[in-house]
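Asker: Prediction below, plus the sequence it came from.
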Amino acid sequence: MRTIRFVVLLAALFTGCGRTSPAPATTSSAESRTPSPESRKYLLERVDDAAVVQLYADGFDALPLREKTLIWHLYQAALAGRDIFIDQKHRSALEMRGILDQIVAHPQGIDPATFSEIQRYTKYFWINNGPYNNLTARKFVLKTTPDAFAAAAKAAQAAGAAFATQNGESLDAMLARLQPMFFDPNVDPSVTTKAPPPGKDILTASANNLYAGGVTMNDVKGFTEKYGLNARLVKANGKLTEEVYKIDGRYSKQISQIVQHLQDAIPFATEPMQNALRALIQWYRTGDQSDREKFDIAWVADKASPVDTINGFIEVYLDPRGIKGSWEALVFSVDPEKTKTIKTIGDNAQWFEDHAPYDPKYRKPHVTGIVANAIDVIVEAGDSGPITPIGINLPNDDRIRKEYGSKSVSLSNVVEAYNKSTPGTMRGEFSWTPEEADRGAKFGPVADDLHTDMHEVIGHASGQLAAGFKGTPQQALKEHFSALEEGRADLVGLYFLADPKLVELGVIPAADQDNIVRAEYEGYTRNALVQLRRVREGTTIAEDHMRNRQMIIRWLMANTKAIQQQTRDGKTYLTMVDVKAFRDGVGQLLAEVQRIKSEGDYGGAAKLFDTYGVHFDPKLRDEILMRVDKLNLPAYSGFVMPKLTPVMGTDGKISDVTISYPQDLTTQMLEYDGIVKQ
């Protein structure tokens, strides 16, 4: 599971067929090798409600050659799988991207106004890995005409663009076939739908490519999925079959390239990491759940390697059932200095588990092997990039967690880039008093970081299933699983943030704890209002992290006296007024959320989210939009990743790997896709 930070700008927590590796080009004039911290550019541009931000990895230059070489091969493995996730988002997404890439790379002769709109749409497509908004799951469309778009494509073709049409069809035929996806918001309108309209269920109302042939929820009843996480479920002639993601299966081309790069990485890895990489390769070869479990166990067992990777079919947010994994990859190095705080929390995980405010029968008697690190990300792809988490805890398999442990990481350089690229003007707009705003400015960043650490390390890793529970929480809780799990981890962090144990452990100074707690509780409360700005259409929240945060605050408002809704000058505010009531309420809610997960209580989860987490007042949302739009601030960020380039010695071996920073989304995306810009 992961923590996502959306650009809320206040003290609140937020947890394919082109070229498959970057061209070994020299650093362009638009790139910077290693700019000094004071001269760095973080915020590169705005694309609609998204910020484009450069990510820096300061520790890379100081790494020994062995680790640089290891990272280079893992970096190539990460980029080799990018197209998998884009195809998982929608069956036409790769074709759409191919058209857009070619037009953007060949602008000669295109009407300037039309080209500007195509550029905007393409950048938004790249950031979101397809034609759906990452936050709302809603489709976005081109704001030009089909005729103007076709004229642009033909001008690009005349300038040298090569369009990969199907079965010899003409460019006109291809554009006509894909026209509804580019222009009609009512065709496949939502990539993941957990509150479907009448007449549809969560699968038929969702446009993602995890299911094909019109699979419905009734179809999957009684069907045993051998490859739940890593297979597409297809209905043909009334029968269901699984298309397994593996070598010689679905995505074989991309997976074969990933495996080759992983094999190249093995000689440069530590022995524990070699074991994990070999196990990952075996899973990619067979697709079998038993091999996935062996990989998870081997990956968790690697507790000390200074370089690590996450690569595979992992998170289930895209699937409305919460079963099928999206492909993602991260490559990172451990920052020993920044790891101290998160490691301290991990080392004391058993104490936090023993003092959790839920029924002792749901507590783990032995918290096993939590590895916690602060990391510097080198590259993220698929479901983790360009939009990136700030914290991750894996594996997601509850049995593996219980028996073998888990690994948590805080993405330190991602958090730094967020902080350096975003102003704090929204905090003042939604704070009831200047004191609240000042407290958020001073203590909010440390409160956010600490909450993220606890969310990942002791949140996701906590609790156990009820005795005799059959199956998995994902299967039992279905569309509510991911939101419930994110809420559970958030509640753990909110509850223990106020515990004196953090002072005792030296994590925070005693003199600052009250201000840190207040800043986090106030910011978390404000966020229930501010996040509504991301849902510009409709009256329901789709994204799981947003659902969980809305649920927590609205539950506290209904069941405690911790929060007041107030108005002033026609503006609405949510204000945290009682720290003790807030924490006590969090403890009560955490006890119920843990019970729901431990028992697989689908009805309890549905009632909780239907009552508090899904629906909102559109008039309140419209008010928030007017206030926020005046500030002209982004809702979330997409990141431009560092670029690695190998330096070859006279013996044909890598003698160094250099790092540079493209500082341009278009340059990076076209290079990733193997396109040479004209």
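Answerer: Received it, and whenever you're ready, just let me know what you need.
Asker: did I read that right, residue 660 in a strand?
Answerer: Yes: secondary structure assignment (DSSP: H, G, I helix; E, B strand; the rest coil) places residue 660 inside a strand.
Asker: how deep is residue 170 tucked in, by neighbour count?
Answerer: Close neighbours of residue 170, defined as other C-beta atoms under 10 Å, add up to 10. Using the backbone N, CA and C atoms, a C-beta is placed for each residue, glycine as well.
Asker: Ignore what I typed, I meant residue 125.
Answerer: Close neighbours of residue 125, defined as other C-beta under 10 Å, add up to 23.
Asker: tell me the secondary structure for it?
Answerer: Three-state call for residue 125 (three-state DSSP): helix.
Asker: helices and strands around the helix or strand containing residue 545, which ones?
Answerer: Using DSSP states H and E, the element containing residue 545 is helix 544-559. With contacts defined as 3 or more C-beta pairs under 8 Å, 6 or more residues apart in numbering; DSSP states H and E, the packing partners of helix 544-559 are helix 481-497, helix 510-530, strand 563-568, helix 579-599, helix 602-612.
Asker: again, only using 6 Å
Answerer: The contact analysis (3 or more C-beta pairs under 6 Å, 6 or more residues apart in numbering; DSSP states H and E) places helix 544-559 against helix 481-497, helix 510-530, helix 602-612.
Asker: now the angle between helix 544-559 and the last one, please.
Answerer: Here helix 602-612 points in a direction 80 degrees away from that of helix 544-559 (axes from the mean of the first three to the mean of the last three C-alpha atoms, to 10 degrees).
Asker: chain center to helix 602-612, what's the gap?
Answerer: For helix 602-612, the separation from the chain centroid amounts to 24 Å (computed by C-alpha atoms, centre = their mean, to the nearest Å).
Asker: Can you list the buried residues in that helix?
Answerer: The neighbour-count check on helix 602-612 (16 or more other C-beta atoms under 10 Å) flags 602, 604, 605, 606, 608, 609, 612 as buried.
Asker: ok so, going back, return the most buried member of the helices and strands packed on helix 544-559.
Answerer: Comparing those by mean neighbour count (mean count of other C-beta atoms under 10 Å), helix 481-497 ranks first with a mean of 27.
Asker: after it, next one along is what?
Answerer: The helix or strand immediately downstream of helix 481-497 is helix 501-504, counting by DSSP H and E.
Asker: quick one: buried residues of that following helix?
Answerer: Within helix 501-504, the residues that count as buried by 16+ other C-beta under 10 Å are residue 502.
Asker: So what touches that helix?
Answerer: Here helix 501-504 makes contact (C-beta atoms under 6 Å, 6 or more residues apart in numbering) with 508, 510, 513.
Asker: Report the mean per-residue pLDDT for stretch 83-102.
Answerer: Average pLDDT, stretch 83-102: 98.
Asker: Dump stretch 336-343 to PDB, restricted to CA.
Answerer: What follows is stretch 336-343, C-alpha atoms only, in PDB (Å, rounded to 0.1, in the frame of the first residue of the first chain):
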ATOM      1  CA  PRO A 336      21.200   6.600   6.000                       C
ATOM      2  CA  GLU A 337      20.900  10.000   7.700                       C
ATOM      3  CA  LYS A 338      17.200  10.500   6.800                       C
ATOM      4  CA  THR A 339      16.400   7.000   7.800                       C
ATOM      5  CA  LYS A 340      17.000   7.500  11.600                       C
ATOM      6  CA  THR A 341      13.400   8.700  12.400                       C
ATOM      7  CA  ILE A 342      11.600   6.100  10.400                       C
ATOM      8  CA  LYS A 343      13.800   3.300  11.600                       C
END
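Asker: Can you list the buried residues in that stretch?
Answerer: Under 16+ other C-beta under 10 Å, the buried positions of stretch 336-343 are 338, 339, 341, 342, 343.
Asker: Quick one: residues contacting the third one.
Answerer: With contacts taken as C-beta under 6 Å, 6+ apart, residue 341 has the following neighbours: residue 507.
Asker: I'd assumed it was in a helix, is it?
Answerer: Yes: the assignment for residue 341 by three-state DSSP puts it in a helix.
Asker: What's the separation between it and residue 55?
Answerer: For residue 341, the distance to residue 55 (C-beta to C-beta, to the nearest Å) stands at 22 Å.
Asker: likewise the fourth one?
Answerer: Per C-beta to C-beta, residue 342 is found 20 Å from residue 55.
Asker: ok, for residue 571, nearest residue in space, not its chain neighbours?
Answerer: residue 627 (6.7 Å; C-beta to C-beta, 6 or more residues apart in numbering).
Asker: ugh, wrong one, I meant residue 591
Answerer: That would be residue 358: by C-beta to C-beta, 6+ apart, it lies 4.2 Å from residue 591.
Asker: residues near the one you found, how many?
Answerer: For residue 358, the neighbour count with other C-beta under 10 Å is 23.
Asker: isn't it right up against residue 594?
Answerer: Yes: using C-beta atoms under 6 Å, residue 358 makes contact with residue 594 at a distance of 4.0 Å.
Asker: What separation is there between residue 170 and residue 326?
Answerer: Here the criterion is C-beta to C-beta. By it, residue 170 lies 34 Å from residue 326.
Asker: Kindly report the same for residue 293.
Answerer: Counting by C-beta to C-beta, the gap from residue 293 to residue 326 is 19 Å.
Asker: okay, the two: which has more neighbours?
Answerer: Higher neighbour count among residue 293 and residue 326: residue 326, with 23 against 17, using other C-beta under 10 Å.
Asker: who wins for proximity to residue 587 among the helices and strands packed on helix 544-559?
Answerer: helix 481-497 (5.5 Å; C-beta to C-beta).
Asker: From the contact counts, what lies against the closest one?
Answerer: Packing partners of helix 481-497 (3+ C-beta pairs under 6 Å, 6+ apart): helix 434-454, helix 544-559, helix 579-599.
Asker: out of the ones you listed, which comes closest to residue 107?
Answerer: Here helix 544-559 is closest among these (C-beta to C-beta), at 36.7 Å.
Asker: Could you measure from residue 429 over to residue 436?
Answerer: Distance from residue 429 to residue 436, counting by C-beta to C-beta: 12 Å.
Asker: Please read the previous query as pertaining to residue 406.
Answerer: In terms of C-beta to C-beta, residue 406 sits 35 Å off from residue 436.
Asker: which one of those two has more residues nearby?
Answerer: Neighbours around residue 406 and residue 436, counted as other C-beta under 10 Å, are more numerous at residue 406. The numbers are 28 against 23.
Asker: My guess is that one contacts residue 460. True?
Answerer: No: using C-beta under 6 Å, residue 406 makes no contact with residue 460, being 7.2 Å away.
Asker: what's near enough to touch residue 210?
Answerer: Contact partners of residue 210, counting by C-beta under 6 Å, 6+ apart, are 232, 319, 324.
Asker: run the last query once more with 7 Å
Answerer: 88, 232, 318, 319, 324 (C-beta atoms under 7 Å, 6 or more residues apart in numbering).
Asker: Specify which member of the residues you listed is nearest to residue 159.
Answerer: Nearest to residue 159, judged by C-beta to C-beta, of the contacts of residue 210 is residue 88 at 31.9 Å.
Asker: before we move on, the earlier item: TSV please, covering the helices and strands packed on helix 481-497 and showing mean pLDDT and distance to residue 156.
Answerer: Below are these laid out as TSV (pLDDT from 0 to 100; distance: least, C-beta to C-beta, whole Å):
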stretch	mean pLDDT	distance to residue 156
helix 434-454	92	43
helix 544-559	96	38
helix 579-599	98	51
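Asker: Tabulate the ones you listed (a markdown table), appending distance to residue 273.
Answerer: A markdown table is the format used below for the helices and strands packed on helix 481-497 (distance: least, C-beta to C-beta, whole Å):
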| stretch | distance to residue 273 |
| --- | --- |
| helix 434-454 | 24 |
| helix 544-559 | 30 |
| helix 579-599 | 32 |
